[in-house]
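In: structure for the following, please:
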Amino acid sequence: EMQRNGMVIGGHSHKHVALGTLEPTRQLEELTTCADLLHRNLQPQASWPFSYPYGKPGAYTPATIDAVRSLNFSSAFATTVGSNTIGQNPFAIHRIDPKDVRL
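Out: Predicted structure coming up:
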């Protein structure tokens, strides 16, 4: 129903662990399970974003980014607040805190 109403669904891992604390092969297993479940249970989408569990530095690593990319996720979001610029790594997108936005 959410997809039918225009929502894009993304990944967030299978067991919600801080992926950066796992060995790279274990990270890939965790992320592969997540991706498989998404593709098996949802309709195809133009893009599949990912959001790192806990999202802070150390909760994901360069190996995590490589694994997310290898599973064809289109981008990934961290929890660190900051600006995003054209050309930055689409697998390390910062959050924007609404209290810092002026209209």
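
In: need the contact list for residue 38.
Out: Residue 38 is in contact with 9, 11, 48, counting by CB atoms under 8 Å, 6 or more residues apart in numbering. (Glycine included, C-beta is placed from N, CA and C.)

In: whoops, residue 70 was the one
Out: Residues counted as contacts of residue 70 (CB under 8 Å, 6+ apart) are residue 28.

In: related to what we said a few turns ago, ok, of the contacts of residue 38, which one's closest to residue 33?
Out: Proximity of those to residue 33 (CB to CB) peaks at residue 11, which lies at 10.0 Å.

In: tell me which of the contacts of residue 38 is nearest to residue 66?
Out: residue 11 (15.1 Å).

In: what is the neighbour count of that closest one?
Out: Residues near residue 11, counting by other CB atoms under 10 Å, number 20.

In: what is the residue at minimal distance from the centre of the chain paired to in the beta sheet?
Out: Compute the mean C-alpha point of the chain, and by CA atoms, centre = their mean the closest residue is residue 50, 2.0 Å away. Using DSSP bridges, the bridge partners assigned to residue 50 are residue 11, residue 76.

In: helices along this structure, start to end?
Out: Ranges of helices in the chain, per DSSP state H, are 24-41, 62-70.

In: can I get these in CSV with mean pLDDT and distance to residue 55?
Out: Shown next, in CSV, are these (pLDDT from 0 to 100; distance: least, CB to CB, whole Å):
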stretch, mean pLDDT, distance to residue 55
helix 24-41, 98, 15
helix 62-70, 98, 11
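
In: please work out which of these is packed deepest.
Out: Between the helices of the chain, helix 62-70 has the highest mean count of neighbours, a mean of 18, where neighbours are mean count of other CB atoms under 10 Å.
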